[in-house]
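Asker: structure here, sequence nowhere to be found:
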């Protein structure tokens, strides 16, 4: 049984370990943080494609116990008028419905599921170097320990230590928007109806959803210069909330009142992305999730794409004759789809209506819906090359 070292125990890392374990590989997770919590203030939505990937991992139950479903999307203009209300994804299937939940809850749930299945998860293992050779790969950690395996998967996020070992010039760059996340009681808002409301404001993009227990989850995306690193993270000072309110008050929507009712427990971050075409692999080392293809949050696909990665990688290693062939085929299958997402999300963040076919990151066609469903079906084989 091949041994795979998974560096990073968040959403991408835990999901990758679950998928590799299901494919019969010996996956071991090494997480730098001393516990499983990260990004305590942020929430996310898992789209139907992400939920389909979870089903392939037989991990749906671990996630549907968290958060709440979203079955439709309402769009408002700056006057508060409703422009549209449409179903979201595969709303008819309870296992495939969009789901809104805290990022830390999802990471912890997937990590707990990995432990339940007997996958080793080690905390406090901060990577400092990788040695790749003809017979295996060795990871060395800051505490002086090391681990060796047949493959190493870098699932350690935007500022990946694994990526730095073979592609140090690749750095995430600013995608043009400051992003705020927060929670507030749903005073004066409709009862939670499994609907997310998107507001096309004149100076900010805003979205909110009301949970069944009457808590409003909200986000705002505001164009401007990137925030200094020391001013991002949990615990936004009241001054940042006051900075956010003026652009929201330009419009006649619920956005400003929602933010005004929020305390200081707000996450503020910069929208960032990894340049399309960046290297994902060096020998026995491969990047997945945000470490390989982080996109701005405008499309809301980051976590779902990471879950897709896990399933497709495991199927490639399961079905192809050797690791080199498997990793090459994985990249061939994944790169067009995730880089299209980087491009589309980046255009939205920068306020460009639609990407040109000749634009950045639009090199090859995306897989169609039918092909994607097959890719995420654990029992189906890989698509045959044309």
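Answerer: Okay, I see it. Only a predicted model underlies this, so the values are computations on that prediction, with no experimental measurement involved.
Asker: any low-confidence regions in the stretch 1-150 of the chain?
Answerer: For the stretch 1-150 of the chain, the stretches flagged by pLDDT under 70 are 36-41.
Asker: leaving out chain neighbours, which residue sits closest to residue 124?
Answerer: In space, residue 124 comes closest to residue 34 once its chain neighbours are excluded; the distance is 4.9 Å by CB to CB, 6 or more residues apart in numbering. Where you see a C-beta, it was placed from the backbone N, CA and C, and this is true even at glycine.
Asker: and that neighbour, backbone torsions?
Answerer: Note on residue 34: its backbone torsions stand at phi -70, psi -10 [degrees, to the nearest 10].
Asker: distance of it from residue 119?
Answerer: 19 Å (CB to CB, to the nearest Å).
Asker: list the helices and strands the longest helix that the chain contains packs on?
Answerer: Ranked by number of residues, the top helix in the chain under DSSP state H is helix 323-349. Contact partners of helix 323-349 among helices and strands, from 3 or more CB pairs under 8 Å, 6 or more residues apart in numbering; DSSP states H and E: strand 173-185, strand 267-273, strand 285-287, helix 290-293, helix 302-319.
Asker: one step back: neighbours around the residue nearest to residue 124, how many?
Answerer: When neighbours are defined as other CB atoms under 10 Å, residue 34 has 10 of them.
Asker: what about residue 126, how many residues nearby?
Answerer: Taking other CB under 10 Å as the criterion, the count of residues near residue 126 is 15.
Asker: contacting residues for it?
Answerer: Residues touching residue 126, when contacts are defined by CB atoms under 8 Å, 6 or more residues apart in numbering, comprise 32, 141-143, 161.
Asker: could you report the pLDDT at residue 186?
Answerer: Confidence at residue 186, expressed as pLDDT, is 72.
Asker: same question, residue 352
Answerer: Model confidence at residue 352, expressed as pLDDT, equals 76.
Asker: please apply the same query to residue 268.
Answerer: In this model, residue 268 carries a pLDDT of 88.
Asker: okay, helices next: where are they in the stretch 101-250 of the chain?
Answerer: When secondary structure is read from DSSP state H, counting those that start in this stretch, the stretch 101-250 of the chain shows helices at 103-116, 161-166, 238-249.
Asker: list of residues touching the second one?
Answerer: The set of residues external to helix 161-166 that reach it, using CB under 8 Å, 6+ apart, is 7-8, 32, 126-130, 152, 154, 156, 170, 279, 282, 285, 287, 291-292.
Asker: PyMOL command for the buried members of the residues you listed?
Answerer: Selection of buried members from these for PyMOL, criterion 16 or more other CB atoms under 10 Å:
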select buried, resi 7+8+32+127+130+152+154+156+170+282+285+287+291+292
